[in-house]
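> my questions are about this predicted structure, shown below with the sequence.
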Amino acid sequence: MSETVYLKFERNTMLYERKVIIGDVASVYCTDKTIQAKIRAIKLLTIPDVKKGTYVFSVMDVIERISKVCPDADVNNIGECDFIIEYKRKPPSKGVLWFLKIFASCLIVFIGSMYTIMAYNNDVGVNELFAKVYELMGVSENNGILEAAYSIGLTFGIAVFYNHFVGKKLSDTPTPVEVQMRSYETDVDNAVVDRASRNKEEFDVS
């Protein structure tokens, strides 16, 4: 009697080990736990000793390998039909250089954002606008209320837009940046799979 096996592959999986087995890139379920463990342990490939690489696999190839090990297994794929394995060498532990890179990145982003805001304020003439508002309100002197409110509102608006403040998310909703990055990653994955399919490549597409 054949056992039904369910496979679910994600579109893209990042790995740091050179030996890749099915269990590393897919969720496997079978009522027979012996068959499930055997399928999870099937080797897909051994990645060469390189710094990084991108590999495209077809589920058809995986099913073929499973049929050789478990010929009576009835395999059902409920995930992606083509999936990508990205390999990178295991990153070293965080040291002084890592913190210096983070500090430099934050400094560049801070200076760039500051310059952008200043340039925007200069282009739209914020100072002249505030002066006009004070005049309409009948205030003869600039008391800084509008400037303070504008600064607080700008900070609050940026925090709400990016959904982060002091290293914490304000809500579980994905930020616009995360949504755009996810769309970009999806487009890249689709392009990689399409290129591999067009060029009849199965493994390394770096």
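Here it is on my side, so go on.

> where in the protein is the helix or strand with the lowest mean pLDDT?
strand 164-165 (a mean of 68; mean pLDDT, DSSP states H and E).

> tell me what the helix or strand hosting residue 158 is packed against?
In this assignment (DSSP states H and E), residue 158 forms part of helix 145-162. Applying 3 or more CB pairs under 8 Å, 6 or more residues apart in numbering; DSSP states H and E, one finds that helix 145-162 contacts helix 126-137, helix 176-198. For the C-beta atoms, the positions are set from N, CA and C on the backbone; glycine is no exception.

> run the chain-centre distance for it.
29 Å (CA atoms, centre = their mean, to the nearest Å).

> next, the angle helix 176-198 makes with it.
30 degrees (axes from the mean of the first three to the mean of the last three CA atoms, to 10 degrees).

> next, the angle from helix 145-162 to helix 126-137.
Using the same axes, to 10 degrees: helix 145-162 against helix 126-137 is 120 degrees.

> what does helix 145-162 contact?
117, 126, 130, 133, 134, 165, 170, 175, 176, 177 (CB atoms under 8 Å, 6 or more residues apart in numbering).

> adding neighbour count and distance to residue 5, write those residues out as CSV.
Compiled in CSV, those are given as follows (neighbours: other CB atoms under 10 Å; distance: CB to CB, whole Å):
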residue, neighbour count, distance to residue 5
117, 14, 56
126, 16, 64
130, 16, 68
133, 12, 69
134, 16, 73
165, 13, 46
170, 12, 42
175, 16, 38
176, 11, 40
177, 12, 39
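
> helix or strand for residue 83, which one?
Applying DSSP H and E as the criterion places residue 83 in strand 82-88.

> next one: that strand to chain centre, how far?
Offset of strand 82-88 from its chain centre (CA atoms, centre = their mean): 13 Å.

> report the buried residues of that strand.
In terms of neighbour count (16 or more other CB atoms under 10 Å), strand 82-88 has its buried residues at 82, 83, 84, 85, 86, 87.

> check stretch 139-155 too.
residue 146.

> for residue 12, grab the count of nearby residues.
For residue 12, the count of nearby residues is 18 (other CB atoms under 10 Å).

> hmm, I was thinking of residue 54
Residue 54: 17 surrounding residues under other CB under 10 Å.

> the helix or strand hosting it packs against which elements?
In this structure, residue 54 sits in strand 52-58 according to DSSP H and E. With contacts taken as 3+ CB pairs under 8 Å, 6+ apart, strand 52-58 sits against strand 82-88, helix 176-198.

> distance between the next helix or strand after it and the chain's centre?
Along the chain past strand 52-58, the next helix or strand (assigned with DSSP H and E) turns out to be helix 59-69. Distance, stretch centre to chain centre, for helix 59-69: 29 Å (CA atoms, centre = their mean).

> so for helix 59-69, mean pLDDT?
Model confidence over helix 59-69 averages 89 on the pLDDT scale.

> buried set for it?
59, 62, 63, 66.

> state the pair within those residues that is farthest apart.
59 and 66 (10.0 Å; CB to CB).

> so what sits against both of the two?
Contacts common to residue 59 and residue 66, judged by CB under 8 Å, 6+ apart, are absent.

> and residue 9, how many residues sit next to it?
Neighbour number of residue 9 under other CB under 10 Å is 22.
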